[in-house]
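A.B. asks: Sequence first, predicted coordinates after that:
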Amino acid sequence: MEGFKKFENFQVAAYVFAYYLNTAEEKDIQKGIDFYKKHIHLDKVYIENHRGKIDISQEKLRMAKAVFEKNGILVAGGITSTQFVNGIRKPSYYDTFCYTDPDHRAEYLRIVKELAEVFDEIILDDFFFTGCRCEMCIEQKGNRSWARYRLDMMEQFSHEIVDLAKSVNPKMNFIIKYPNWYESYQETGYNPGKQKDIFDMIYTGTETRDPVYSAQHLQRYESYSIIRLMENTAPGKNGGGWIDPFGASDNMNVFLEQAHLTLLAKAKELMLFNFSVLEDTPLLPALGHDLYRIDRLVGMSGKPVGVSVWEPFDGDGEDQLYNYLGMCGLNVEPTPYFNEDAPVVLFTQSTAHAPDAMEKLEKYVRSGGNAVVTAGFFHEMYHKGIKELTSVRLTHRHVLGNAYMINHANYTDVHYATAPEKVLFEVLDYKTNASVSDITLIAGEDNFPIMTEDNYGKGRFFILNVPENFAELYKLPREVIQGINKHLSMGQRMYLGCTPKYNLFAYDNNVYGIRSYRPMADVCQVIVRGKCKGLRDLETGAVYDACLPLATPCPRGDATCVIDEPAEFAFPVKMAPGTMKFFEIID
């Protein structure tokens, strides 16, 4: 393909949806390709044959396929699983198919068969789910939960469509794309625990867009974290990340950051939704220019690393919590599998879905691990053994406050901080000297734990008491965020002492990146464990060597020893709004 040179570390694709193709002629498609050629290297397109009431004939699919191939662009097929079968509306949001109804299943199989006769590869857009509660579904569900019924049904039908496609075209590579709302998969039949082994590949929705005026309350860091979750779900089988401009049309930077985070998480392909929507917009030229910088950064960075977050298949609870923490400078590595070798594991309410969660937690800490559990996980395990690890108890009361004390158990120094606004926390009770509050909320002449610490066996056990409204994490002062990040990042070389909102990206080759979402210029404290000569900006070569040594562990009171921790050094880094900087530590 003529035009912009190919990216070295990923490829760019676009989705050609049926509404466009329904009226487009060959000259329209070529006009769109010519626009792309001026602004970005396009490697591949996915051409859709069905969406809603629109079906594209095989003749037109072959015409479109030929136009793209003539321009050196790879082609694949696509399906959006929405319908209007037999002229009857089903009680399902977005009019997704009813996979209980034999007529709906037959229609879907027709769509798959026709597409498999034209393309060697098919991707399912993120509507391959069901929320249907028609009479057929109610009867077939029986006494099962809706989640269980839909998970079983979609597992079975996934086998059916994959088997059909491969019988029609033995060369078929069948891909299922998962949406960004991972916390709701099980309720609608998305079943990555099983489907990862049924489909040849998976794909990931990274369209975070607007965190306020969207029903999904997606945090922008999720464009990064969900790629990591899906990479760990099906290693080597995640085809890429999928972004769109919707919800970001008034802010080009928000559109671009979806692409940045998707690729910094090491997605192999960036899917643009969609081919025609982005034509003749300023978004595509900006993206084409921007991606060469991202390509260089991706090439300089190794494998992503972060705090292991156990997000089991079909888990549910504390939606988006680790992405809120990610917007406070915590780098996470979510995985559906428990990583017993991780220096720290974060257990959320969603983790409690795993039937052996409490057993694994107790064994992990007892053998020397550092576990951080959220208040939501603590609630779920309250009568399942977790009280053996701590003196913390539930009170069912709540407290408002905006003054904080940071006093880690392994140190004698104490820091105080005040925020402009009060935050609502659940009140947890603990017994003095049986447990310790490392981070504390002060309210009047009383105080309440935000992060407690216990010794158990050879390990350490922490409870993180997050605000009732997770978004109020963004109201916490830098000192509190630094205290939380310090414990959660144990075992890593770097962490951030920052005001929200920052992202930290960390890689196994000593490369680190920072992104600011702050509305104004700000100074971020980059804290390095162990002595070093400074930080080198990978793009400018600038060296940050001015640093402040932080407090070192010290026996408290009549204690005779401390837990060994490396010395820490804080490097102040000035950040402008919406910018990124990437560093390596100079040893």
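C.D. replies: Here it is on my side, so go on.

A.B. asks: packing partners for the lengthiest helix in the chain?
C.D. replies: Looking across the chain with DSSP state H, the single longest helix is helix 146-168. Helices and strands touching helix 146-168, by 3 or more C-beta pairs under 8 Å, 6 or more residues apart in numbering; DSSP states H and E, are helix 102-116, helix 135-141, strand 173-178, helix 185-188, helix 192-195. Glycine gets a C-beta too; all of them are placed from N, C-alpha and C.

A.B. asks: Report the distance from that helix to the chain centre.
C.D. replies: Centre-to-centre, helix 146-168 and its host chain are 26 Å apart (C-alpha atoms, centre = their mean, to the nearest Å).

A.B. asks: same deal with stretch 61-75?
C.D. replies: 33 Å.

A.B. asks: can you dump the C-alpha coordinates of that stretch into CSV?
C.D. replies: Extracted C-alpha coordinates of stretch 61-75, given in CSV (Å, rounded to 0.1, in the frame of the first residue of the first chain):
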residue,chain,number,x,y,z
LEU,A,61,-18.8,-8.3,-0.3
ARG,A,62,-16.6,-9.6,-3.0
MET,A,63,-16.6,-6.2,-4.8
ALA,A,64,-15.5,-4.5,-1.6
LYS,A,65,-13.0,-7.2,-0.9
ALA,A,66,-11.5,-6.7,-4.3
VAL,A,67,-11.2,-2.9,-4.0
PHE,A,68,-9.3,-3.2,-0.7
GLU,A,69,-7.0,-6.0,-1.9
LYS,A,70,-6.2,-4.0,-5.0
ASN,A,71,-4.9,-1.3,-2.7
GLY,A,72,-2.7,-3.8,-0.8
ILE,A,73,-5.0,-4.0,2.2
LEU,A,74,-5.7,-7.3,4.0
VAL,A,75,-9.4,-8.3,4.3
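
A.B. asks: For it, buried residues please.
C.D. replies: Neighbour-count burial for stretch 61-75 flags 61, 63, 64, 65, 67, 68, 71, 73, 75 (criterion: 16 or more other C-beta atoms under 10 Å).

A.B. asks: show me where pLDDT drops low in this structure?
C.D. replies: Applying pLDDT under 70 to the chain flags the ranges 1-3, 249.

A.B. asks: 90 instead?
C.D. replies: Applying pLDDT under 90 to the chain picks out residues 1-5, 93, 208-217, 247-251, 280, 555-559.

A.B. asks: Could you chop it up by domain?
C.D. replies: Using automatic domain parsing, the domain parsing of the chain gives 11-300, 307-586.

A.B. asks: Which strand residues bridge residue 528?
C.D. replies: Going by DSSP bridges, residue 528 is paired in beta bridges with residue 494, residue 569.

A.B. asks: Could you shift the numbering so residue one becomes 8, and keep it that way?
C.D. replies: With the count now opening at 8, the last piece we talked about shows up as residue 535.

A.B. asks: Let me know the angle separating the longest helix of the chain from strand 180-185.
C.D. replies: On the basis of axes from the mean of the first three to the mean of the last three C-alpha atoms, to 10 degrees, helix 153-175 is oriented at 160 degrees to strand 180-185.

A.B. asks: Any chance of JSON lines for the buried residues of stretch 68-82, columns distance to residue 325 and secondary structure?
C.D. replies: JSON lines is the format used below for the buried residues of stretch 68-82 (distance: C-beta to C-beta, whole Å; DSSP: H, G, I helix; E, B strand; the rest coil):
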{"residue": "68", "distance to residue 325": "44", "secondary structure": "helix"}
{"residue": "70", "distance to residue 325": "49", "secondary structure": "helix"}
{"residue": "71", "distance to residue 325": "44", "secondary structure": "helix"}
{"residue": "72", "distance to residue 325": "45", "secondary structure": "helix"}
{"residue": "74", "distance to residue 325": "48", "secondary structure": "helix"}
{"residue": "75", "distance to residue 325": "43", "secondary structure": "helix"}
{"residue": "78", "distance to residue 325": "47", "secondary structure": "coil"}
{"residue": "80", "distance to residue 325": "42", "secondary structure": "coil"}
{"residue": "82", "distance to residue 325": "41", "secondary structure": "strand"}
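
A.B. asks: Looking at the domains of the chain, which is nearest to residue 12?
C.D. replies: With C-beta to C-beta as the measure, domain 18-307 is the member of these nearest residue 12 (6.3 Å).

A.B. asks: tell me how far the ends of that closest one are from each other?
C.D. replies: Domain 18-307 has an end-to-end distance of 17 Å (C-alpha to C-alpha, to the nearest Å).

A.B. asks: what's around residue 390, how many residues?
C.D. replies: Look at residue 390: counted by other C-beta atoms under 10 Å, it has 8 neighbours.

A.B. asks: what's next to the longest helix of the chain, contact-wise?
C.D. replies: 106-107, 112, 115-116, 119-120, 122-124, 129, 135-137, 140, 144, 147-149, 151, 179, 181, 183, 193-198, 201-202, 205-207, 321 (C-beta atoms under 8 Å, 6 or more residues apart in numbering).

A.B. asks: Which stretches in the stretch 158-307 of the chain count as strands?
C.D. replies: Ranges of strands in the stretch 158-307 of the chain, per DSSP state E, counting those that start in this stretch, are 180-185, 208-212, 245-250, 276-280.

A.B. asks: between the ones you listed, which one is nearest to residue 357?
C.D. replies: strand 180-185 (15.8 Å).

A.B. asks: Report the angle between that closest one and strand 245-250.
C.D. replies: Using the same axes, to 10 degrees, strand 180-185 lies at 50 degrees relative to strand 245-250.

A.B. asks: And strand 180-185, how far out from the chain middle?
C.D. replies: Offset of strand 180-185 from its chain centre (C-alpha atoms, centre = their mean): 18 Å.

A.B. asks: Name the strands paired with it and say parallel or antiparallel.
C.D. replies: strand 128-131 (parallel), strand 208-212 (parallel).
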